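**Student:** Sequence and predicted structure, then a few things I'm wondering about:
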Amino acid sequence: MEIELEQGWEIVLRGFNKLKNIVEGLPEPQFTSEDYMKLYTTVYTMCTQKPPHDYSQQLYDRYRESIEDYITSTVLPSLREKHDEFMLRELVKRWTNHKVMVRWLSRFFHYLDRYFIARRSLSPLNEVGLTCFRNLVYLELNGKVRDAVISLIDQEREGEQIDRALLKNILDIFVEIGMGQMDYYENDFEDAMLKDTAAYYSRKASNWIQEDSCPDYMLKAEECLKREKERVSHYLHSSSEPKLLEKVQNELLSVYGNQLLEKEHSGCHALLRDDKVNDLSRMFRLFSKIPRGLEPVSSIFKQHVTGEGTALVKQAEDAASNKKSVGLQVFVRKVIELHDKYLAYVSDCFQNHTLFHKALKEAFEIFCNKGVSGSSSAELLATFCDNILKKGGSEKLSDEAIEETLEKVVKLLAYISDKDLFAEFYRKKLARRLLFDKSANDDHVTDLTLARENQTSFEEYLGNNANANPGIDLTVTVLTTGFWPSYKSFDLNLPVEMVKCVEVFREFYQTKTKHRKITWIYSLGTCNLIGKFEPKTMELIVTTYQASALLLFNTADRLSYSEIMAQLNLTDDDVVRLLHSLSCAKYKILIKDPNTKTISPTDSFEFNTKFTDKMRRIKIPLPPVDEKKKVIEDVDKDRRYAIDASIVRIMKSRKTLCHQPLVMECVAQLGRMFKPDIKAIKKRIEDLISRDYLERDKDNPNLFRYLA
Amino acid sequence: MSRSASRKAGQSDSSTPITSSAGGLFRSATGKASSKEMERIDNVFYSYANKSSGLIDPEGIEALCSDLEVDHTDVRILMLAWKMKAEKQGYFTLEEWRRGLKALRADNVHKLKKALPELEKEVKRPTNFVDFYSYAFQYCLTEEKQKSIDIESICQLLDLALGFQFRAQVDYFIDYLKIQSDYKVINLDQWMGFYRFCNEISFPDLSNYDPELAWPLILDNFVEWLRAKQT
């Protein structure tokens, strides 16, 4: 049975009106299955009838027209007469209705979707329906809607309560109207919202920056960012989040960043000075979000640490000029503490960020390489370690504390450019501790172990050879040169009693090995003398040098400076030092004439028979020669060799290389131990040229060539 | 074929085939002329040479200078030595003498004297001068294995070799060398470096001097000293 167009359309229209009523909320019974079937079948028939009675095209057109009619006659007027929030509510209602309508209509007209639309590649019914709404309603109203929404957002920002669900629904329209594209949301809403946000925070920031301290401002900023993030989760589309936060960060932090950091009494400097770790942590969190935001912060941090360190240096200088010798030890301690403190800042407040590690490193490199009153920092660190490690040093620490402290010293060592200088000072002091400190942990030192074995077999030898007896108890420590710092040996004229000892030992040593040469270092020996003083006999523990001088008085009552020097065959420096220790220091074993405080070459000396002390046994210290100059000389010499070796190594592998790259590579290679002076490198290059290791290229004077 | 081409114009084209004997004839003809010249050169040599050593020694050179009417400290004697490629300062061997005088085409003292201005011009040509300048240094190395020259001698040598060309630089550098204490001797690299300095660096402003380049250290120090003086 055939259906005519108008006939069939009447049926459809009836269904349409019923739908309208339902959607409008008018009393209207729901569709029954029969209702639905009737409508569906009507459409079906009209589409499948043979031409000229197939009405697919007409149905498709009328579908759209009906929707448009409905919108124009009912929907739009109701929207136009409302404003602001009311308008928004109405829009949500109308949109929801529309979606329902389109859904139902699509079901009725479903057959169109299946064949007609597919075959002609037309827009599906669903899309047609939504497009009607968009073209008629959305296009007209989206501007007003947007303004209303933004106004509500700003109200919420000012602290008012708003209907968040409403806004969510409205913004969903912007999204859904795009039917898969975000264009409408972005162009018709988001852009304006972002602009408004920027303007809003710009106003706020310009007020706050005048009135608030840095910490307060930062608190507000953090709060704003938190709120905006919540806003997104409540009603904005998630894609807005990064853009929104970026705008807020820009207005609050980027624009006013420098002003904020440099606020005089509350800015970054002040926070560091007052140890405001919480505020600094907040500062880090906030500034890490803006591009290059951390650079000024880390720069201020570096300045601050440098300042603190330099102040410590100055303090130490002042203490040193006031002759407080303990000042240097304290200085190193304080530097260690400073390092601990700000390392903690880097890991806690600044979340271990590389910029801050770098800032800390650079700051320490600046002031750690300043010496204090003539002593380089390399020397200070070595002395510090020595004091901790040696028996009778100025600090008494447990083994764990020692190890902990040494670990911290190693960290500081990383900042010092003259690492080789430190190594040399440390080695010298270590050697001294090993040789003189009975408490030293010498199990690890093979050489000393060998030395002890040596001594044992020497004693055996003496036991077996009666005529080899030197008459005095003798202990000899044989060190292997090269393992130990170089010690100068002088030709001390030994007292006759000791000469025999040396002879005996030499003979013994020949029996052990014929290929080694022994050089005696009398400056390191110690001697136990028995002094027969009138009050009482006492035992004196002295150095070999001191003993040699004292024994001279066994055969003479009075000796002049020059006589002593001639007999001992030592340098002025040594003679002055040792005579001072025996006549001008705590224990006056010799009486000096004239009785002044210093030794002069015109002095004379007598044995002090009346000397006594409450103890039976005393140690008379001989202050060591200041090794500083020698250490620096030795290190300079080693550096020259190191630079030579480095240059040769580089040139050997490169064959030809220009001056600047050569210098750069050399500096890089040697950086682990010290920072070579550019002039020194140049000098070594010239030396190598004159020794025919290198030559300068004839055509390019900046180019060097390796000569095999 | 080339031999016939080298015959002077006007000569009848002899049909003598070019055989070895004819070539030998030709050779001996020029040889004869040159041997005469060499004889004269040798004669001059012997007139100045020391009888026992067979070399012209410093005394002989002085005599030669006086005959040439040139002071024995004059740079032209050094140039002559250069032309001869003389190895030892103060002495000329027969071979060196022959080499020099033959090149200058002088077989007597008079011709030699006349050749000096031309020699000077030749030396001053930039391509030759570097060679001469380098030679001047090496000529002064008197001991075997000697690689550097003491400051005093260097000052004299600088004045002699470069004074006419770079008077200002030489004077300042000589002043500096005398007051500095880093270097007691100057080596060839530093010597050549100074010449390069005179040529490349604008003086006295020194505006294009860059100590980061491979200039010898002594010149870096020299420039520092100059700049300090200028302020």
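**Tutor:** That came through, no problem.
**Student:** residue closest to the middle of chain B?
**Tutor:** B:W82 (2.5 Å; CA atoms, centre = their mean).
**Student:** Just list the residues touching residue 154, thanks.
**Tutor:** All of this is about chain A. By CB atoms under 8 Å, 6 or more residues apart in numbering or on different chains, the residues touching A:D154 are A:D196, A:Y200. For glycine as for every other residue, the C-beta is placed from the backbone atoms N, C-alpha and C.
**Student:** Let me rephrase: I mean chain B.
**Tutor:** Here B:I154 is in contact with B:L177, B:V185, B:I186, B:W191 (CB under 8 Å, 6+ apart).
**Student:** returning to that earlier point: tell me how far the residue nearest to the centre of chain B lies from chain A.
**Tutor:** Distance of B:W82 to chain A, computed by CB to the nearest CB, to the nearest Å: 19 Å.
**Student:** In which helix or strand does that residue reside?
**Tutor:** helix B:75-84 (DSSP states H and E).
**Student:** If you count contacts, what does that helix end up packed against?
**Tutor:** The helices and strands touching helix B:75-84, judged by 3 or more CB pairs under 8 Å, 6 or more residues apart in numbering or on different chains; DSSP states H and E, are helix B:94-104, helix B:109-124, helix B:126-139, helix B:151-162.
**Student:** export these to a markdown table and tack on distance to B:T73 and mean pLDDT?
**Tutor:** Output for these, formatted as a markdown table (distance: least, CB to CB, whole Å; pLDDT from 0 to 100):
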| stretch | distance to B:T73 | mean pLDDT |
| --- | --- | --- |
| helix B:94-104 | 19 | 90 |
| helix B:109-124 | 15 | 90 |
| helix B:126-139 | 13 | 90 |
| helix B:151-162 | 7 | 91 |
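**Student:** Could you point out which of those helices sits nearest A:Y345?
**Tutor:** Minimum separation from A:Y345 across the helices and strands packed on helix B:75-84 (CB to CB) falls at helix B:151-162, 57.8 Å.
**Student:** After that closest one, which helix or strand is next?
**Tutor:** Sequence order places helix B:167-179 as the next helix or strand after helix B:151-162, per DSSP H and E.
**Student:** Say whether chain A is contacted by that following helix.
**Tutor:** No - using CB under 8 Å from any CB of the partner chain, we find that helix B:167-179 stays clear of chain A, coming within 15.9 Å at best.
**Student:** Starting from the next helix or strand after that helix, tell me which strands it pairs with and how they run.
**Tutor:** Counting by DSSP H and E, the next helix or strand C-terminal to helix B:167-179 is strand B:185-187. Partner strands and pairing direction for strand B:185-187 (DSSP bridges) are strand B:148-150 (antiparallel).
**Student:** about what we covered before: can you list the contacts of B:I154 in CSV and add neighbour count?
**Tutor:** Output for the contacts of B:I154, formatted as CSV (neighbours: other CB atoms under 10 Å in any protein chain shown):
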residue, neighbour count
B:L177, 18
B:V185, 14
B:I186, 23
B:W191, 22
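**Student:** Can I get those residues in TSV including pLDDT?
**Tutor:** Converted to TSV, the contacts of B:I154 look like this (pLDDT from 0 to 100):
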residue	pLDDT
B:L177	93
B:V185	91
B:I186	92
B:W191	93
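**Student:** Now for these: which two are most distant?
**Tutor:** B:L177 and B:W191 (11.6 Å).
**Student:** ok, back up a step: for the contacts of B:I154, which one is nearest B:R125?
**Tutor:** Lowest distance from B:R125 to these (CB to CB) belongs to B:W191, with 20.0 Å.
**Student:** so where does the closest one fall, helix or strand?
**Tutor:** With elements taken from DSSP H and E, the one containing B:W191 is helix B:188-200.
**Student:** Okay, angle between that helix and helix B:126-139 too, please.
**Tutor:** Calculated by axes from the mean of the first three to the mean of the last three CA atoms, to 10 degrees, helix B:188-200 forms an angle of 150 degrees with helix B:126-139.
**Student:** Report all helices and strands that helix B:188-200 contacts.
**Tutor:** So helix B:188-200, by 3+ CB pairs under 8 Å, 6+ apart, packs with helix A:678-690, helix B:126-139, helix B:151-162, helix B:167-179, helix B:217-230.
**Student:** So what touches that helix?
**Tutor:** A:686, A:689-690, A:696, A:701, B:130, B:133-134, B:137-138, B:147-149, B:154, B:158, B:162, B:165-166, B:169-170, B:173, B:183, B:208, B:215-216, B:218-219.
**Student:** so the residue nearest the centre of chain A is in which element?
**Tutor:** Nearest residue to the geometric centre of chain A (CA atoms, centre = their mean): A:H357, 1.6 Å. Per DSSP H and E, A:H357 falls inside helix A:354-368.
**Student:** For A:K592, grab phi and psi.
**Tutor:** Backbone dihedrals for A:K592, given as degrees, to the nearest 10, come out at phi -100, psi 140.
**Student:** So it versus A:R282, what's the distance?
**Tutor:** Look at A:K592 and A:R282: by CB to CB, to the nearest Å, they are 70 Å apart.
**Student:** Counting neighbours around each, name which of the two comes out higher.
**Tutor:** Between A:K592 and A:R282, counted using other CB atoms under 10 Å in any protein chain shown, the more crowded position is A:K592 (22 against 19).
**Student:** residues in contact with A:T480?
**Tutor:** A:T480 sits in contact with A:D447, A:L450, where contact means CB under 8 Å, 6+ apart.
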